[in-house]
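J.: Provided below are the primary sequence and the corresponding predicted coordinates.
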Protein chains: 2
Amino acid sequence: MGFDLQQTIALLARTPSTLNALLRDLPQTWTLCNEGPKTWNSFDIVGHLIHGERTDWMPRARMILQHGESRAFEPFDRLAQERESQGKYLRELLDEFARLRSENLDALRAMNLQPADFDRRGRHPALGVVTLSQLLATWAVHDMTHFHQLSRVMAYQYREVVGPWSAYLGVLHCEGHGS
Amino acid sequence: MGFDLQQTIALLARTPSTLNALLRDLPQTWTLCNEGPKTWNSFDIVGHLIHGERTDWMPRARMILQHGESRAFEPFDRLAQERESQGKYLRELLDEFARLRSENLDALRAMNLQPADFDRRGRHPALGVVTLSQLLATWAVHDMTHFHQLSRVMAYQYREVVGPWSAYLGVLHCEGHGS
């Protein structure tokens, strides 16, 4: 499957409602638990997605269009949510994420990108040259990585109580693959 | 975290709306794609969840309460959805799953289970002796296993187009852990 802008937007647009359906008003036993020291709970994950909406995806898309390869993107701060989410409720983070995602997708549509734009190049501070379509595809797959993580974090809480069924439950044997 | 009936129901109750938010009316490029031969797409996954609602979770809970360890559960047919979903649309499967899950959770609440019931024992045809709480916890973690799979199947479609970002996207490096 090649890159397709409308299909990418269709997937990106569903993430806020999917997170809402899963997490809003879910008992805190699920949403505050993580997978151990230095791992993330639902609150951390939604905070991280918010920081991406603010500083990563659309700012980098604009930088590619404006500066091409001449300027590297700002490095992404993977721990920003520890500061920015402090004192907030999960429902506030879900609202904030939904608002930011909606604004960003409006801005993306307003760019009126054409297929020729998809190959425009930018510079990632660690990965080197990347293209606009790679950035936008990564935005969508990044959502999927965090659904993947969320389902694993939830499942982890019941890793003992499922007893011998653990053998059949793949999510309990996921090592996280570095995320 | 120990087994808790209300928390388990809270998570189980969210699965239909979460699947709806992610999958309903999503372009078929996302929902009909799988991870290669003999792997599942969204359609197969929802069909499999439907079959579980019909033949696995609540029928087994009733068998534990009625027969204890004296009768083994019926083996679960992991390929039933290939027959049962034929000719249906994904939106019909989502509706059917939501209806069955809601009916099953109503039936579970009506059982009015008490903590002493959680240790009641049944017999799994392959795993041997299991308890009612292990069965109900597995029901919830089984949902999470399939969210985990769904996010991976979606991400897989863009495994090439993300380019060098692949290195940072854990979901693209998930081997499925047998599911």
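T.: Received the coordinates, thanks.

J.: Least confident secondary structure element in chain A?
T.: helix A:80-84 (a mean of 84; mean pLDDT, DSSP states H and E).

J.: Packing partners of that helix?
T.: helix A:42-55 (3 or more C-beta pairs under 8 Å, 6 or more residues apart in numbering or on different chains; DSSP states H and E). Every C-beta, even on glycine, is put in place using the N, C-alpha and C of the backbone.

J.: what comes up buried for the helix or strand following the helix it packs on?
T.: Later in the chain than helix A:42-55, the nearest helix or strand by DSSP states H and E is helix A:57-67. Neighbour counts over helix A:57-67 (16 or more other C-beta atoms under 10 Å in any protein chain shown) mark A:57, A:58, A:60, A:61, A:63, A:64 as buried.

J.: Which strands and helices lie in contact with the longest helix anywhere in chain A?
T.: Using DSSP state H, we find that the single longest helix of chain A is helix A:132-156. For helix A:132-156, the elements it packs on are helix A:5-23, helix A:42-55, helix A:57-67, strand A:121-124, helix B:132-156, judged by 3+ C-beta pairs under 8 Å, 6+ apart.

J.: For those, give me TSV that also has mean pLDDT.
T.: As requested, the helices and strands packed on helix A:132-156 are exported to TSV (pLDDT from 0 to 100):
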stretch	mean pLDDT
helix A:5-23	98
helix A:42-55	96
helix A:57-67	97
strand A:121-124	98
helix B:132-156	97
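
J.: most centrally placed residue in chain A?
T.: For chain A, the residue nearest the mean C-alpha position is residue A:143 (3.8 Å; C-alpha atoms, centre = their mean).

J.: and for the least confident helix or strand of chain A, what are the contacting residues?
T.: Here helix A:80-84 makes contact (C-beta atoms under 8 Å, 6 or more residues apart in numbering or on different chains) with A:44, A:47, A:48, A:50, A:51, A:55.

J.: tally of neighbours for the closest residue to the fifth one other than its chain neighbours?
T.: If I follow you right, that is residue A:51. Nearest residue to residue A:51 in three dimensions, chain neighbours excluded: residue A:80, at 4.4 Å (C-beta to C-beta, 6 or more residues apart in numbering or on different chains). Residue A:80 has 16 neighbours, counted by other C-beta atoms under 10 Å in any protein chain shown.

J.: what's the distance between residue A:80 and residue A:58?
T.: Applying C-beta to C-beta, to the nearest Å, the value for residue A:80 to residue A:58 is 16 Å.

J.: same question, residue A:64
T.: Applying C-beta to C-beta to residue A:64 and residue A:58 gives a distance of 11 Å.

J.: next one: residue A:105
T.: Distance of residue A:105 to residue A:58, given as C-beta to C-beta: 9 Å.

J.: same thing with residue A:8?
T.: From residue A:8 to residue A:58 the distance is 13 Å (C-beta to C-beta).

J.: go on, residue A:69?
T.: 19 Å.

J.: repeat for residue A:99
T.: Taking C-beta to C-beta, one finds residue A:99 at 14 Å from residue A:58.

J.: what does residue A:135 give?
T.: Applying C-beta to C-beta to residue A:135 and residue A:58 gives a distance of 10 Å.

J.: hey, which of the helices and strands packed on helix A:132-156 is tucked in deepest?
T.: Comparing these by mean neighbour count (mean count of other C-beta atoms under 10 Å in any protein chain shown), helix B:132-156 comes out on top with a mean of 25.
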